[in-house]
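Engineer: Structure for this input, please:
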Amino acid sequence: MANLKEIRNRITSISSTMQITSAMKMVSAAKLKKAQDAITAMRPYAEKLTELLQNLSASLDGDVGGEFTTQREVKKVLIVAITSNRGLCGAFNTNVIKEAKSRSEYYAGKQVDIFAIGKKGNDILSKTSTVIDNQSAVFDQLTFDNVALIAEALTQKFVSGEYDKIELIYNQFKNAATQIVQVEQFLPLAPIQSDKRVSVGDYIFEPAKEEIVMTLIPKALKTQLYKGIRDSFASEHGARMTAMHKATDNATDLRDQLKLTYNKARQAAITNEILEIVGGAEALKG
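Structural biologist: You can find the predicted model right below:
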């Protein structure tokens, strides 16, 4: 019967785990809806801002980006790794960390530092790389103003010459089950390429187009970072919901198998007891 007691304890333990994973799944599903609505509503604005910047820049001659488009010899690279503050979300954090390490290897021979946004990325990458800052607190109050402060700090690091190139690595939200790791160049701004002929002759610009572009670039950079963090935030809840759903299903299967094993063992024990009683009774008759 000791074996039966052990199986009963395992069934109880797995049932408790199922309740936890099921509850976490429901919480993540509720948070995912809000995060998904936020990134879905923001994408059209971000895309239109980029389109406007491209149209204006394409109509100007020469380098209009100033200090934001300065192409320097790449000696010092800053990688902004956007992860989460909590785990239990499958390969969500692992994929970003692997990509960050891969980019570090790509820039072998150059100084590569990490700017962590998210506790999980900071904890792992700090063991193998130089993490200059960790802004995990931004997820406590994820607003554009808070992210803008981080974008300004990153921009200043590039403008001052502290780093020659800055890249963003994050999970782009596609749906609850799919997150795509993205590597985006943050600074310097990549040369604008467009196959379409841009005609702006019908518009009167006030102030000058150059001034408008220089005003839009910092705003576009802040929006790019905010969109990346928002994408990552939605991806985190989608990954966690999927992971907890799979965990609940696996726990259900394991519990059912243990119940079957328990019933077989219990039936075998009862059969053995009956055989012993019958055997003893026959022995007494003899």
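Engineer: CA atoms for contacts and neighbours, from now on please.
Structural biologist: Noted.
Engineer: Run through the stretch 151-286 of the chain and note the low-pLDDT ranges.
Structural biologist: Applying pLDDT under 70 to the stretch 151-286 of the chain flags the ranges 191-203, 286.
Engineer: all strands for it, in order.
Structural biologist: Under the criterion DSSP state E, counting those that start in this stretch, strands of the stretch 151-286 of the chain are mapped to 165-175, 178-187.
Engineer: so of those, which one's packed in deepest?
Structural biologist: Greatest average neighbour count among the strands of the stretch 151-286 of the chain goes to strand 165-175 (a mean of 22), per mean count of other CA atoms under 10 Å.
Engineer: what's that one packed up against?
Structural biologist: Under the contact definition 3 or more CA pairs under 8 Å, 6 or more residues apart in numbering; DSSP states H and E, strand 165-175 sits against strand 76-82, helix 92-106, helix 144-159, strand 178-187, helix 209-285.
Engineer: try it again with 10 Å
Structural biologist: Counting contacts by 3 or more CA pairs under 10 Å, 6 or more residues apart in numbering; DSSP states H and E, strand 165-175 packs against helix 2-58, strand 76-82, helix 92-106, strand 111-117, helix 144-159, strand 178-187, helix 209-285.
Engineer: what angle do the fifth one and strand 178-187 make?
Structural biologist: Think helix 144-159. Angle between the axes of helix 144-159 and strand 178-187 is 50 degrees (criterion: axes from the mean of the first three to the mean of the last three CA atoms, to 10 degrees).
Engineer: what's around residue 163, how many residues?
Structural biologist: Neighbour count of residue 163, defined by other CA atoms under 10 Å: 22.
Engineer: mind listing what it touches?
Structural biologist: Contacts of residue 163 were listed using CA atoms under 10 Å, 6 or more residues apart in numbering, and they are 72, 74-78, 111-113, 154-157, 187.
Engineer: Now list the buried members of the residues you listed.
Structural biologist: 76, 77, 78, 112, 113, 154, 155, 157, 187 (16 or more other CA atoms under 10 Å).
Engineer: What is the most widely separated pair among those residues?
Structural biologist: 112 and 155 (16.7 Å; CA to CA).
Engineer: Show me which residues of stretch 37-53 are buried.
Structural biologist: Buried residues in stretch 37-53, defined by neighbour count with 16+ other CA under 10 Å: 38, 39, 42, 43, 46, 49, 50, 53.
Engineer: Now residue 25. Nearest residue, chain neighbours left out?
Structural biologist: The shortest distance from residue 25 to any non-neighbouring residue, by CA to CA, 6 or more residues apart in numbering, is to residue 241 (4.7 Å).
Engineer: What is the burial count for that neighbour?
Structural biologist: 29.
Engineer: Distance check, it against residue 51.
Structural biologist: Relative to residue 51, residue 241 is positioned 34 Å away (CA to CA, to the nearest Å).
Engineer: do residue 114 as well
Structural biologist: 30 Å.
Engineer: and residue 81, what does it touch?
Structural biologist: So residue 81 contacts 93, 96-97, 99-100, 114-118, 121-122, 125, 134, 167-171, 183 (CA under 10 Å, 6+ apart).
Engineer: beta partners of it?
Structural biologist: Beta-bridge pairing for residue 81 (DSSP bridges): residue 116, residue 169.
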